[in-house]
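Chemist: following is a predicted model, sequence given first.
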Amino acid sequence: MASLCLSLHQTLTNPLSAPRCRPLSLSFPGSSTFSIRPSSRRATALTTRASYTPTPATERVISIASYALPFFNSLQYGRFLFAQYPRLGLLFEPIFPILNLYRSVPYASFVAFFGLYLGVVRNTSFSRYVRFNAMQAVTLDVLLAVPVLLTRILDPGQGGGFGMKAMMWGHTGVFVFSFMCFVYGVVSSLLGKTPYIPFVADAAVSSSSSQKPSFDFSRRWHFGHPDHHQQYQKPGEEGEKIFRLGLTADIGLSVAKALTGYLCGSTAIIADAAHSVSDVVLSGHGKFETLGALGISAMLLATGSGIAWHALDLLSIALSAAPEVIHSGHHHGIDMNHPILALTVTIASISIKEGLYWITKRAGEKQGSGLMMANAWHHRSDAISSLVALVGVGGSILGVNFLDPLAGLVVSTMIVNAGLKTGHQSILELVDAAIPAQQLEPIRQTILQVEGVKGCHRLRGRRAGSSLYLDVHIVVDPFSSVSVAHEVGEYVRRQINLNHPEVSEVFIHIDPAFLQFSCSTKDHDSITKESNICQEIKHVEATVSDIFSSQLSEKLTIKRITPHLLHSKILLQIVVAMPSTMSIQDVMIAAEHAEKEILKAAPNVARVSIQLSLNSE
């Protein structure tokens, strides 16, 4: 900004001396576009043009239509609210024809979901504005599947107990939140503005940008496995494509397995779907991401515990002598009308996840990325959980009914384990726990390789979501000027940001390298505790001036005194001038005498360096 103001000042005051430059343009979606350009005529130094670029109507319509998907799917959560307040249903009468048409199409929700994600979000021909709104709608729709799974797993019953009341309040809250998001998105789109939904907008921002990958995958894009916090490499372009492929697979498999588990009544497949949902939850921003991770860990613990309880209940019944498992009027074995569906989805999940394991592993070995290698093993763990589910499904189809709840119990332990790890990691981040020193060692090596750095110490790091904050002390030449020492620190900062992109901010403290002389504890305390260092330096400068004025006034004249504080001792650099009639040898003798007198008169001075200036000024 300062350079821009200086350039404008030069152009206005002296058009002939102003350098030629290209027009400067600043543009924002749905706002004014400003251009600053120099005129070709000398008399007119500056021309400013402002024009308004509104959001096209087609983009607004597509954005509004995108928010209809999560809104339509959220209406099921409002049934308790509509039953208690029937007049609220009158507000939604205008959309009943559209809603009836939407529900009359088989699998309309899944078709709309994948059509919106693959046809709009992943389509770079659409503008960033449209893709951003579509991604927010897709993310909301994914999150709406979580209450359905929890209700299915926990089974609050039909009575008026606490479980039923909790479900009523929870569903009502989900509907109200979804309705508010729908109204906010529609109104903002009508006005051509960009809506930012809390906890959802951060993921959508990176996805809608044509200059960035769909998601910032180097961050924690699955809360279920916090091991990625220990990796600091960012993948290249190939890695981003693989991560996007993995996320797309997780979304598709989560929906497919949830639907299949519901239709087939398989505890193992539902548990496997919950395990995949934990991979789809997107990253947030800073501490909000950590808070979100803590909430997700609680959800994983509740989900895993509910599945485990349900599986144990079914397992106890399946191990009884009854040939058919009947519980609370519901059939809990695999629905024999859908055996092929259950087997197909489970085998497809194993194949896709195992294929992603080999693709990601090969790319990680090629690029030397620890992050990609960790994701590869994560895909392998998902394949193993699906394999366990396959054993349960196959056993139920063959008549061994206890295998399905047993497989669900095994997968639920994996979900609980992921929830415990994520919760532990999130708590450590919320209390600003220090990162282990061995994880910061690559950053330490980067610092030590910078020219001018003599050493570093007190390297500490803490996390806030996906961001890393560092605090480090670097050691530089004690006689470096302030400007040079500052530049060394800035170069260290640039090298850290270049080689470790996960670092968001670095606090650099610059320390001088200590000279090799002893300093007792008593001397240290006498300076730092019993006196003010500024007063000490002022007293030393006065002592030096008195010595030169009383003993060397005819030989040497002080031009500048530069004090240094090293290891609680004062070092002096004194620049002097000599008369033109004086020889160099006499100057050396006078300087040696002055040094001895200063060290004798000022015990806090450890070293004196007297330099001769040949400049007459």
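Modeler: Okay, I see it.
Chemist: now the helices for the stretch 501-617 of the chain?
Modeler: Applying DSSP state H, counting those that start in this stretch to the stretch 501-617 of the chain gives helices spanning 521-528, 533-551, 584-601.
Chemist: which helices and strands does the one helix or strand residue 421 maps to pack with?
Modeler: Applying DSSP states H and E as the criterion places residue 421 in helix 403-430. Judged by 3 or more Cβ pairs under 8 Å, 6 or more residues apart in numbering; DSSP states H and E, helix 403-430 is in contact with helix 267-280, helix 287-318, helix 370-397, strand 455-464. The C-beta positions use only the backbone N, C-alpha and C, and glycine is treated the same way.
Chemist: what angle sits between that helix and helix 370-397?
Modeler: 150 degrees (axes from the mean of the first three to the mean of the last three Cα atoms, to 10 degrees).
Chemist: next structured bit after helix 403-430?
Modeler: Next along from helix 403-430, by DSSP H and E: helix 437-448.
Chemist: picking up where we left off before, okay, the helices of the stretch 501-617 of the chain in TSV with mean pLDDT and distance to residue 386 next?
Modeler: Output for these, formatted as TSV (pLDDT from 0 to 100; distance: least, Cβ to Cβ, whole Å):
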stretch	mean pLDDT	distance to residue 386
helix 521-528	46	64
helix 533-551	82	67
helix 584-601	84	79
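Chemist: mind putting these into JSON lines with distance to residue 561?
Modeler: Listed next are the helices of the stretch 501-617 of the chain as JSON lines, based on distance: least, Cβ to Cβ, whole Å:
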{"stretch": "helix 521-528", "distance to residue 561": "19"}
{"stretch": "helix 533-551", "distance to residue 561": "5"}
{"stretch": "helix 584-601", "distance to residue 561": "10"}
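Chemist: nearest to residue 452, of those helices?
Modeler: When those are compared by Cβ to Cβ, helix 533-551 sits nearest residue 452, at 25.8 Å.
Chemist: and the angle for the closest one with helix 584-601?
Modeler: 130 degrees.
Chemist: export only the CA atoms of helix 533-551, formatted as PDB.
Modeler: Presented in PDB, the C-alpha positions along helix 533-551 are these (Å, rounded to 0.1, in the frame of the first residue of the first chain):
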ATOM      1  CA  ILE A 533      20.400  -1.800  32.600                       C
ATOM      2  CA  CYS A 534      19.600   1.500  30.800                       C
ATOM      3  CA  GLN A 535      21.000   3.400  33.800                       C
ATOM      4  CA  GLU A 536      24.100   1.200  33.800                       C
ATOM      5  CA  ILE A 537      24.800   1.900  30.100                       C
ATOM      6  CA  LYS A 538      24.200   5.600  30.600                       C
ATOM      7  CA  HIS A 539      26.700   5.600  33.500                       C
ATOM      8  CA  VAL A 540      29.300   3.700  31.400                       C
ATOM      9  CA  GLU A 541      29.000   6.200  28.600                       C
ATOM     10  CA  ALA A 542      29.500   9.100  31.000                       C
ATOM     11  CA  THR A 543      32.500   7.300  32.400                       C
ATOM     12  CA  VAL A 544      34.000   6.900  28.900                       C
ATOM     13  CA  SER A 545      33.400  10.500  28.100                       C
ATOM     14  CA  ASP A 546      35.100  11.600  31.300                       C
ATOM     15  CA  ILE A 547      38.200   9.500  30.600                       C
ATOM     16  CA  PHE A 548      38.600  10.800  27.100                       C
ATOM     17  CA  SER A 549      38.000  14.400  28.100                       C
ATOM     18  CA  SER A 550      40.300  14.400  31.100                       C
ATOM     19  CA  GLN A 551      43.200  12.200  29.800                       C
END
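Chemist: which strands and helices sit next to it?
Modeler: If contacts are counted by 3+ Cβ pairs under 8 Å, 6+ apart, helix 533-551 sits against strand 557-566, strand 569-577, helix 584-601.
Chemist: can you rerun that using 10 Å?
Modeler: Applying 3 or more Cβ pairs under 10 Å, 6 or more residues apart in numbering; DSSP states H and E, one finds that helix 533-551 contacts helix 521-528, strand 557-566, strand 569-577, helix 584-601, strand 605-612.
Chemist: buried deepest among these, which one?
Modeler: strand 569-577 (a mean of 19; mean count of other Cβ atoms under 10 Å).
Chemist: ok, it: who's next to it in the sheet?
Modeler: Here strand 569-577 is paired, per DSSP bridges, with strand 557-566 (antiparallel), strand 605-612 (parallel).
Chemist: so for that strand, what's the average pLDDT?
Modeler: For strand 569-577, mean pLDDT rounds to 83.
Chemist: go on, stretch 107-118?
Modeler: Across stretch 107-118, pLDDT averages out at 81.
Chemist: what does stretch 150-167 give?
Modeler: For stretch 150-167, mean pLDDT is 68.
Chemist: begin at 15 from here
Modeler: OK, 15 is where the count begins now, so the last one is stretch 164-181.
Chemist: can you give me the first-to-last residue distance of it?
Modeler: 9 Å (Cα to Cα, to the nearest Å).
Chemist: returning to what we had before: show me the one of the helices and strands packed on helix 547-565 that comes nearest residue 203.
Modeler: Closest of these to residue 203 is strand 571-580, at 61.8 Å (criterion: Cβ to Cβ).
Chemist: for that closest one, list the C-alpha coordinates in PDB.
Modeler: Included here for strand 571-580 are C-alpha records, laid out as PDB according to Å, rounded to 0.1, in the frame of the first residue of the first chain:
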ATOM      1  CA  THR A 571      37.900  12.700  20.100                       C
ATOM      2  CA  ILE A 572      34.900  10.500  20.600                       C
ATOM      3  CA  LYS A 573      32.500  10.400  17.600                       C
ATOM      4  CA  ARG A 574      30.200   7.500  18.600                       C
ATOM      5  CA  ILE A 575      29.800   5.000  21.400                       C
ATOM      6  CA  THR A 576      27.800   1.700  20.600                       C
ATOM      7  CA  PRO A 577      27.100  -0.400  23.700                       C
ATOM      8  CA  HIS A 578      26.300  -4.200  23.400                       C
ATOM      9  CA  LEU A 579      24.800  -6.300  26.200                       C
ATOM     10  CA  LEU A 580      26.100  -9.900  26.000                       C
END
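Chemist: I'd like to check the angle between the helix holding residue 435 and strand 469-478, please.
Modeler: With the same axes, to 10 degrees applied, the angle from helix 417-444 to strand 469-478 works out at 130 degrees.
Chemist: neighbours of the closest residue to residue 423 other than its chain neighbours, how many?
Modeler: Excluding the flanking residues, the one nearest residue 423 by Cβ to Cβ, 6 or more residues apart in numbering is residue 325, at 4.1 Å. As a burial measure, residue 325 scores 27 neighbours (other Cβ atoms under 10 Å).
Chemist: same check on residue 263?
Modeler: Residue 263: 19 neighbours (other Cβ under 10 Å).
Chemist: pretty sure it sits against residue 369.
Modeler: Yes: applying Cβ atoms under 10 Å, one finds residue 263 in contact with residue 369, separated by 9.0 Å.
Chemist: mind listing the shared neighbours of these two?
Modeler: residue 393 (Cβ atoms under 10 Å, 6 or more residues apart in numbering).
Chemist: re the thing from before, now the helices and strands packed on helix 547-565 as TSV including distance to residue 100?
Modeler: What follows is the helices and strands packed on helix 547-565, written out as TSV (distance: least, Cβ to Cβ, whole Å):
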stretch	distance to residue 100
helix 535-542	77
strand 571-580	80
strand 583-591	85
helix 598-615	95
strand 619-626	88
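Chemist: minimum distance to residue 492: which of those has it?
Modeler: Proximity to residue 492, assessed across these by Cβ to Cβ, is greatest for strand 571-580 (5.3 Å).
Chemist: now do the buried residues in the helix holding residue 435.
Modeler: Within helix 417-444, the residues that count as buried by 16 or more other Cβ atoms under 10 Å are 417-426, 428-430, 432-433, 435-437, 439-440, 442-443.
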